[in-house]
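S.K.: This is a predicted model, with the sequence first.
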Amino acid sequence: MTETRPPLPASLDDVDGWFPKVDQRLFTWFLDRQERLGQSGDLVELGSYLGKSAILMGRHLHGGETFTVCDLFDSQAPDDSNQAEMDGSYASLTRTAFEANYRAFHDRLPEIVQAPTSAILDHVRPESCRFVHVDASHLYEHVRGDIQAAHVMLPVEGVIVCDDYRSEHTPGVSAAVWEAVAVEGLHPVCVTPQKFYGTWGEVKQVQDDLLAWLGDQDDLWHEVQEVGGRALLRVKSRSAPKAKKKDQVRELKERLARVEDQRARAQHELDSVRHSLSFRVGRAATALPRAIRRGGRRH
């Protein structure tokens, strides 16, 4: 019996996974900015699920650079807590599915390390990377180790992105991320509802450039807050339901204006008819017989 394989994805939207549009836009902006500034270096993703974010990152890989993906995929986790997390959230994850999705968009696969993310420093040299995406375990000890590994892999101007830094079901990620900010010198650049973007380098110029870009994006909302004496940008997509509601309100107003215009024209035509000589003569001609009939009925 022939095995039926799912159809290959034709666009990023066809790939299963949690990678919101706002983060797709920001990944692209950060990676494009590095390229504009001539910042070369390798790319690393710790935890890839079915490849949605990896596919986008792979589009920014240049000659002489390496993209390394580290994930357990369908291997056994190294400890019971991690295995329980895998069984509960990633039971459908297989390396075969990841590779099929990635190959639908790229000729070559990234370097794949099928192992716990704690092994990444055995495969990636210190300060060799420019962009690291941390999206593996949600357990505090593991995320803390992943952030520390990213610190080793990134030069001072490199960018780290951490997923699920604020979700209710991932408090371990929150603890590890904000501990890195408070204790280990990680500087927040911006946050979205799902991801944290930071660097161990200076952030002012990055934030100034990002603010200038955001000012031209009608579909993205942003504000500047202050955390521990440092600026922090909040970015999110403008609510699609609200945008849709605005379109509906505008359409209703336009429709109401058209109806009102039609009513005004009809009223104008009616007034013109009522004030015409023919209408007055016709009305007088029909009014006289009615008056005679009413008068006759009184007797």
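M.R.: That came through fine. Residues are numbered from 1 along each chain as shown.
S.K.: number of nearby residues for the nearest residue to His187 once chain neighbours are set aside?
M.R.: Nearest non-adjacent residue to His187, counting by C-beta to C-beta, 6 or more residues apart in numbering: Val203, 4.7 Å away. Using the backbone N, CA and C atoms, a C-beta is placed for each residue, glycine as well. If you count neighbours by other C-beta atoms under 10 Å, Val203 ends up with 20.
S.K.: Now Val203: phi and psi?
M.R.: phi -110, psi -20 (degrees, to the nearest 10).
S.K.: quick one, what contacts it?
M.R.: Counting by C-beta atoms under 8 Å, 6 or more residues apart in numbering, Val203 touches His187, Pro188, Val189, Arg230, Ala231.
S.K.: Please, a PyMOL command that selects the buried ones among those?
M.R.: Command for PyMOL that selects the buried part of these, burial taken from 16 or more other C-beta atoms under 10 Å:
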select buried, resi 187+188+189+231
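S.K.: Just the ones in helices from the contacts of Val203, please.
M.R.: Members of the contacts of Val203 lying in helices (criterion: DSSP state H): none.
S.K.: Rebuild the contacts of Val203 as a markdown table, extending it with distance to Arg59 and pLDDT.
M.R.: Output for these, formatted as a markdown table (distance: C-beta to C-beta, whole Å; pLDDT from 0 to 100):
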| residue | distance to Arg59 | pLDDT |
| --- | --- | --- |
| His187 | 26 | 97 |
| Pro188 | 26 | 97 |
| Val189 | 21 | 98 |
| Arg230 | 31 | 90 |
| Ala231 | 29 | 94 |
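S.K.: Out of the contacts of Val203, which is nearest to Thr68?
M.R.: Closest approach to Thr68 among these (C-beta to C-beta): Val189, at 22.7 Å.
S.K.: Would you check that the closest one makes contact with Tyr197?
M.R.: Yes. Between Val189 and Tyr197 a contact is recorded at 4.6 Å, counting by C-beta atoms under 8 Å.
S.K.: what is in contact with the two at once?
M.R.: The contact lists of Val189 and Tyr197 share Val159, where a contact means C-beta under 8 Å, 6+ apart.
S.K.: Excluding residues flanking it in the chain, which one is nearest Ser75?
M.R.: Spatially, and ignoring its direct neighbours in sequence, Ser75 is nearest to Gln114 (5.7 Å; C-beta to C-beta, 6+ apart).
S.K.: who touches the one you found in this structure?
M.R.: The contact partners of Gln114, taken as C-beta under 8 Å, 6+ apart, are Asp71, Leu72, Phe73, Ser75, Arg95.
S.K.: So which of those residues is surrounded by the most neighbours?
M.R.: That'd be Asp71 among the contacts of Gln114, by other C-beta under 10 Å, with 25 neighbours.
S.K.: pretty sure that residue contacts Phe98?
M.R.: Yes. Look at Asp71 against Phe98 with C-beta under 8 Å: they come within range, at 7.4 Å.
S.K.: Now do the shared contacts for these two.
M.R.: With contacts taken as C-beta under 8 Å, 6+ apart, the residues that reach both Asp71 and Phe98 are Ser48, Tyr49.
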